[in-house]
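In: Build me a model from this:
(one chain, ligands or ions: 2)
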Amino acid sequence: MSKYYKLGAGTIVKAVDKVSLEIADGEFVIMVGRSGSGKTTLLSLIGGLTKPTSGTIMIDGKDLWSLDDREQSRIRAEKIGFIFQIPSLITTMNVMDNVRLPTMFPNHRENVGREVVQLLELVGLSDKVGAHPSQLSVGQQKRVAMARALINHPEILLADEPTSDLDKATEGEMMSLLRKIHHGSVRTIVMVTHNLDLAKFGTKVYRMTNGLIERVESEDLRSTDLIGEPTT
Ligand SMILES: Nc1ncnc2c1ncn2[C@@H]1O[C@H](COP(=O)(O)OP(=O)(O)O)[C@@H](O)[C@H]1O
Ligand SMILES: [Mg+2]
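Out: Ligands and ions are numbered 1, 2, ... in the order given. Just a heads-up that it's a prediction; the model follows:
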C-alpha cells in the first residue's frame with residue numbers, strides 16, 4: 001500500500017511507498033524511524049484512519065476500504081485501539097468520561113464505569129478518575145489515552161510514539177505497561193517510535209526510511225541509522 005500527498009506545484013510526498021507488510025496475531029511490532037519517515041502515516045493506514053492512495057489493507061481477511069461505512073466503523077471501533085502521538089483528551093471532560101468516550105459508538109454500552117476504574121488501575125491512575133486533563137502530567141495523559149484505547153477491548157493496539165515527551169523513568173514504565181497489556185488483554189501491538197532503544201521490546205522490528213520499511217534485528221540497529229533525529 002502507498003500513501004502519497006500532493007503538495008502544491010506538482011510536488012508529491014511519498015509518505016508510505018509501496019509497503020507490503022503482514023502482521024500476525026500475537027506480535028508486538030516495533031517500527032523505528034526518524035521524524036518524517038512515514039511512521040504516523042503507516043500507522044493510520046494500518047488502523048484504517050487514512051485511505052491508501054493505492055493498495056489494500058486487509059484485517060482478518062477483509063479488505064477494509066471495500067466495506068461499507070458502517071462495517072468499516074464497526075471494525076475500527078471493535079478491533080482497533082489507537083494511541084495517538086498527542087493524547088488529544090477532551091479538556092472539558094474528566095478522566096472517567098474521556099476513557100468512557102469510545103463506548104458511546106457505534107452502539108452505546110451501559111455500565112462501563114467499573115471497567116474504566118479497572119483500566120485506570122492497570123495504568124496506575126486510579127486516584128485520577130475525577131481529574132481533568134489539565135491537572136495531569138504528559139505521562140499521565142498518555143496513560144489515560146492508553147486506557148481510552150483499551151476500553152472497547154481491541155484485538156490490535158496501535159501506538160504512535162507512546163513514550164515521546166517522557167523522561168527515562170516514565171518511558172520505562174510506559175514500556176512495561178505495553179508489555180503487560182501485550183501479555184494480557186491485547187493480542188497484537190504495533191508501535192512506532194524514533195527511539196532505537198525501544199526496539200528490543202519488539203517481537204519483530206522494522207526500520208522505516210522515507211516511506212519504505214525493512215525488517216531488522218533489534219541488535220543490528222545502530223544510532224547512525226537515525227542520525228540527526230529530532231526529539232519529536
Ligand atoms: N496530511 C499531510 N499532507 C501532506 N504531507 C503530509 C501529511 N501528513 C504527513 N505528510 C508528510 O509525509 C511524510 C511522513 O510524515 P509522517 O507519517 O507524519 O512521519 P513520522 O510520523 O515518521 O514523523 C512527511 O514528509 C510529512 O511531511
Ligand atoms: Mg509521527
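
In: Number of residues surrounding residue 220?
Out: For residue 220, the number of neighbouring residues by other Cβ atoms under 10 Å comes to 10. Where C-beta positions appear, they are placed from N, C-alpha and C, glycine not excepted.

In: Tell me how far it lies from ligand 2.
Out: Using Cβ to the ion, to the nearest Å, one gets 23 Å for the distance from residue 220 to ligand 2.

In: repeat for residue 105
Out: Distance of residue 105 to ligand 2, given as Cβ to the ion: 25 Å.

In: can you pull the pLDDT of residue 219?
Out: Looking at residue 219, its pLDDT reads 81.

In: secondary structure class for it?
Out: helix (DSSP: H, G, I helix; E, B strand; the rest coil).

In: so where do the helices sit in this protein?
Out: All helices of the chain, identified by DSSP state H, fall at 39-46, 69-79, 95-100, 113-122, 138-150, 168-183.

In: can you tell which of those helices is closest to ligand 1?
Out: helix 39-46 (3.2 Å; Cβ to the nearest ligand atom).

In: Check whether the closest one comes near ligand 2.
Out: Yes - using Cβ under 5 Å from the ion, we find that helix 39-46 touches ligand 2 at 39-40.

In: now that helix, how far from the chain's geometric center?
Out: Distance of helix 39-46 from the chain centroid (Cα atoms, centre = their mean, to the nearest Å) equals 9 Å.

In: right, is that helix up against ligand 1?
Out: Yes - Helix 39-46 reaches ligand 1 (Cβ under 6 Å from any ligand atom) through 39-41.

In: so who does the nearest residue to residue 62 once chain neighbours are set aside touch?
Out: Spatial nearest neighbour of residue 62, excluding adjacent residues (Cβ to Cβ, 6 or more residues apart in numbering): residue 75 at 7.3 Å. Residues counted as contacts of residue 75 (Cβ atoms under 8 Å, 6 or more residues apart in numbering) are 48, 59, 62, 64, 67.

In: now with 7 Å?
Out: Neighbouring residues of residue 75 by Cβ atoms under 7 Å, 6 or more residues apart in numbering: 48, 59, 64.

In: With pLDDT added, can I get those in JSON lines?
Out: Formatted as JSON lines, the contacts of residue 75 follow (pLDDT from 0 to 100):
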{"residue": "48", "pLDDT": "94"}
{"residue": "59", "pLDDT": "93"}
{"residue": "64", "pLDDT": "95"}
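
In: Which of these sits closest to residue 208?
Out: Proximity of the contacts of residue 75 to residue 208 (Cβ to Cβ) peaks at residue 48, which lies at 19.1 Å.

In: For the residue of the chain found nearest ligand 2, which residues are in contact?
Out: In the chain, no residue comes nearer to ligand 2 than residue 40, which is 3.2 Å away by Cβ to the ion. Residue 40 sits next to 85, 160 when contact means Cβ under 7 Å, 6+ apart.
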